[in-house]
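Sequence first, then the predicted structure, then my questions.
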Amino acid sequence: MGFLVKKQLFIMLCVMACFFLVSAASKSVKTKTYIGILNPEISGGDARFMEEVAGALKKNISEMGMYDIYTQQAMEKAFTDKKMRFPGYCREPECVSALGSVLHIDRMLYGSVDKGEKTYGVKLTLVDVPSRKIIETVSIEGEPGVTLNDIIRVTVNKLHGYTDPELDTLYHTYFGRQVKNSKQFYISSGVCLLTGLAWTMINSASVKKRTLPVEDEIDYSNWEKSNTGIGTGADRIPLCGRPASLGNAYVAASDDAYGVFFNPAGLSWAPTGECAFGYQSRFGLNNFAASFTGKATRDIGFGEGFIYSGDNEGLFSEVFFISAVSYKVNDLFKNIFPFLRPFSVGAAVRIASKKTGKTEVSESSISGSATGIGLNLGMQLEVSDKIRGGILVRNVPSILKWNNASTGKKYNENEPVELLMGGTFQANYATFLICEGHIPLYKDQLWKGACGIERLIFRVIKIRVGVEKSEGLETPWKVNCGLGLNLRTESLFGKYLLLDGSYEYNQESMFSNVLNFSFRFGF
């Protein structure tokens, strides 16, 4: 009997000892999540303001009681101890996740803070490092009088799904920093349009006049009546590497310098000013493109573009000058339609100049020129944080005035109206999908569909694939592929430099080897 009692007592003591050992061990186990805080990008403030922002951010994160904090200064020191170089600019989920992985940090926080005259705008993104996924992004702007600490506190709470009843009525969605740059808009648009008009006058005057034999004269009397719904012109060529590699589907994604040539409505979505240059070799034609975009105000974007297309023999050339403007409606109707998300409308004026080249090729060579003007109207709508739609109505109207210097004939050519609709889906920060359709408005216009996919790999490379197809079994398939490269010039120029290239495979072997090269940089 005594033996059983001693045995039971021994077992109880062992259980108690194990309990205390487990409790002591649990105290040494990490109970908090490690979070790294990158210094936010600052707009409208100085170094002292940067310190104030960093301090407020650290304070409010610490008060949540669930994190062990790594400031950027601490992370830089850890990189130095590991004899590694800390990234000069790291504000993308892929880069931020890689940085956190090196230091075995669970979460990373980055963003921007805009100091206005009376308000503060804050945008923060919280990233889960192990899964390399964005947990949440919050963009809010305080009403006049709301302090920096309060607006950062609200942003941090919203990142974690909490609300602050005391401040819920004192902020609204942040749509980007305020911009006052209307002077640049007026000057650039005026220079572009006036240069286009001057070019057309010089181009027309430089055409050599030549009289054709009577039997070679062409009757243009019924030309305007026989005009079709099939448009021509170098402005319809899929220029620039990224749009071309996505199947020339870019109506819903024109928020960069390439967008000047595709949909003016996208320019007000551009986060910063950009310049772009491109070259394309297509069927014996050399095509050059250049564009520039900027912001006149927070809601108004603008862009100017130039296109040249000519053959190697100099027989024919086309030049286009494009001036575009876009207005983004952020919160104009928020009191009437609180569910309405941002949308934009845009217009682009296009001045065209065309002329023949050498007239000495044969006795029947025609010399002539054309000048024209056209208008494109576009719209983009944000359906959700990841989905955007776009519409473009091209040539409303568009008129070319031809002058055949060989026959003395003059006539007008009305270019057909075209309707394009498309959409984009940002599946995650690394995967982007796009589609587009051309809707026929004339009997001889065809339905046309295009789609593309873009995938980020190795943090700096984007691979792209796109396809195009018009209705009908006999129309060829066009398969496009391309690459994009981010040269990571942030530490040198403060912005970025992106290189894009594409190759188009056409089922018609005679129309093969179409190459696109372009680059764009932010400023």
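Yep, it's here.

Hmm, residue 480 and residue 466 touching each other?
Yes - using C-beta atoms under 8 Å, residue 466 makes contact with residue 480 at a distance of 4.3 Å. For glycine as for every other residue, the C-beta is placed from the backbone atoms N, C-alpha and C.

between those two, what contacts are shared?
Taking C-beta atoms under 8 Å, 6 or more residues apart in numbering as the contact criterion, the residues that touch both residue 466 and residue 480 are 244-248, 452.

Go through the residues you listed and flag which are in strands.
Secondary structure of the shared contacts of residue 466 and residue 480 is defined by DSSP state E; positions in strands are residue 452.

would TSV of the shared contacts of residue 466 and residue 480 with distance to residue 37, neighbour count and pLDDT be doable?
What follows is the shared contacts of residue 466 and residue 480, written out as TSV (distance: C-beta to C-beta, whole Å; neighbours: other C-beta atoms under 10 Å; pLDDT from 0 to 100):
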residue	distance to residue 37	neighbour count	pLDDT
244	40	32	92
245	37	28	94
246	36	30	94
247	41	27	91
248	42	25	91
452	36	28	96
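
just curious, which of the shared contacts of residue 466 and residue 480 is nearest to residue 400?
Set against residue 400, the nearest of the shared contacts of residue 466 and residue 480 by C-beta to C-beta is residue 248 (22.8 Å).

quick one, what contacts residue 311?
Contacts here follow C-beta under 8 Å, 6+ apart; on that basis residue 311 touches 284-286, 317.

can you give me the strands for the stretch 351-500 of the chain?
Assigned by DSSP state E, counting those that start in this stretch, the strands in the stretch 351-500 of the chain fall at 368-382, 387-394, 398-404, 409-414, 418-428, 431-439, 448-457, 461-470, 478-486, 497-506.

got JSON lines for those strands, with distance to residue 59 too?
Supplementary listing: the strands of the stretch 351-500 of the chain in JSON lines, determined by distance: least, C-beta to C-beta, whole Å:
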{"stretch": "strand 368-382", "distance to residue 59": "33"}
{"stretch": "strand 387-394", "distance to residue 59": "36"}
{"stretch": "strand 398-404", "distance to residue 59": "59"}
{"stretch": "strand 409-414", "distance to residue 59": "65"}
{"stretch": "strand 418-428", "distance to residue 59": "31"}
{"stretch": "strand 431-439", "distance to residue 59": "36"}
{"stretch": "strand 448-457", "distance to residue 59": "34"}
{"stretch": "strand 461-470", "distance to residue 59": "38"}
{"stretch": "strand 478-486", "distance to residue 59": "34"}
{"stretch": "strand 497-506", "distance to residue 59": "37"}
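
Just the buried ones among the contacts of residue 311, please.
Among these, those buried by neighbour count (16 or more other C-beta atoms under 10 Å) are 285, 317.

between the contacts of residue 311, which is nearest residue 238?
The shortest distance between residue 238 and any of those, using C-beta to C-beta, involves residue 285 and amounts to 12.7 Å.

What score does that closest one have for pLDDT?
You'll see residue 285 listed with a pLDDT of 82.

for the helix or strand where residue 346 lies, which positions count as buried?
Secondary structure assigned from DSSP states H and E places residue 346 in strand 343-356. Going by neighbour count (16+ other C-beta under 10 Å), the buried part of strand 343-356 is 343-356.

With stretch 273-291 instead?
For stretch 273-291, the buried set under the neighbour-count rule, 16+ other C-beta under 10 Å, comprises 273-274, 276-278, 280, 282, 285, 287-291.

Can you tell me which of the residues you listed is nearest residue 185?
Distance to residue 185, by C-beta to C-beta, is smallest for residue 273 among the buried residues of stretch 273-291, at 11.2 Å.

Return the subset of the buried residues of stretch 273-291 lying in strands.
Among the buried residues of stretch 273-291, the residues falling in strands (DSSP E) are 274, 276-278, 280, 282, 285, 287-291.

Could you single out the nearest of the residues you listed to residue 149?
Using C-beta to C-beta, residue 274 is the member of those that sits closest to residue 149, with 34.6 Å.

Please tell me I have it right and the closest one contacts residue 498.
No - in this structure, residue 274 sits apart from residue 498 without contact. The criterion is C-beta under 8 Å, and the distance is 9.2 Å.

and stretch 59-68, how far out from the chain's middle?
Between the mean C-alpha point of stretch 59-68 and the mean C-alpha point of its chain there is a distance of 35 Å (C-alpha atoms, centre = their mean, to the nearest Å).

Where does pLDDT dip in the stretch 251-400 of the chain?
Low-confidence regions of the stretch 251-400 of the chain, defined by pLDDT under 70, span residues 333-338, 357-366.

just the stretch 1-150 of the chain next, same as before
Low-confidence regions of the stretch 1-150 of the chain, defined here as pLDDT under 70, cover residues 1-31.

can you give me the strands for it?
Under the criterion DSSP E, counting those that start in this stretch, strands of the stretch 1-150 of the chain are mapped to 33-37, 41-43, 67-71, 107-115, 120-128, 133-142.

Could you dump those strands into TSV with mean neighbour count added?
Rendered in TSV, the data for those read as follows (neighbours: other C-beta atoms under 10 Å):
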stretch	mean neighbour count
strand 33-37	20
strand 41-43	16
strand 67-71	17
strand 107-115	23
strand 120-128	23
strand 133-142	17
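
Any chance of those strands in TSV with distance to residue 380 as columns?
Rendered in TSV, the data for the strands of the stretch 1-150 of the chain read as follows (distance: least, C-beta to C-beta, whole Å):
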stretch	distance to residue 380
strand 33-37	34
strand 41-43	24
strand 67-71	38
strand 107-115	23
strand 120-128	20
strand 133-142	18
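
wait, which of those strands is closest to residue 89?
For the strands of the stretch 1-150 of the chain, distance to residue 89 was read as C-beta to C-beta. The smallest value, 9.3 Å, belongs to strand 41-43.

What is that closest one packed up against?
Strand 41-43 is packed against helix 47-62, strand 107-115, with contacts defined by 3 or more C-beta pairs under 8 Å, 6 or more residues apart in numbering; DSSP states H and E.

relative to helix 47-62, how tilted is the last one?
Going by axes from the mean of the first three to the mean of the last three C-alpha atoms, to 10 degrees, strand 107-115 is angled at 140 degrees with respect to helix 47-62.

got the CA coordinates for strand 107-115 in PDB?
Taking C-alpha atoms only, strand 107-115 is exported to PDB below (Å, rounded to 0.1, in the frame of the first residue of the first chain):
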ATOM      1  CA  ARG A 107       6.400  41.600 -41.800                       C
ATOM      2  CA  MET A 108       7.500  44.700 -43.600                       C
ATOM      3  CA  LEU A 109       5.900  48.200 -43.700                       C
ATOM      4  CA  TYR A 110       6.600  50.800 -46.300                       C
ATOM      5  CA  GLY A 111       4.800  53.800 -47.900                       C
ATOM      6  CA  SER A 112       4.700  57.500 -48.400                       C
ATOM      7  CA  VAL A 113       3.600  60.700 -46.500                       C
ATOM      8  CA  ASP A 114       2.500  63.900 -48.300                       C
ATOM      9  CA  LYS A 115       2.600  67.200 -46.400                       C
END
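
Cool, thanks, talk later.
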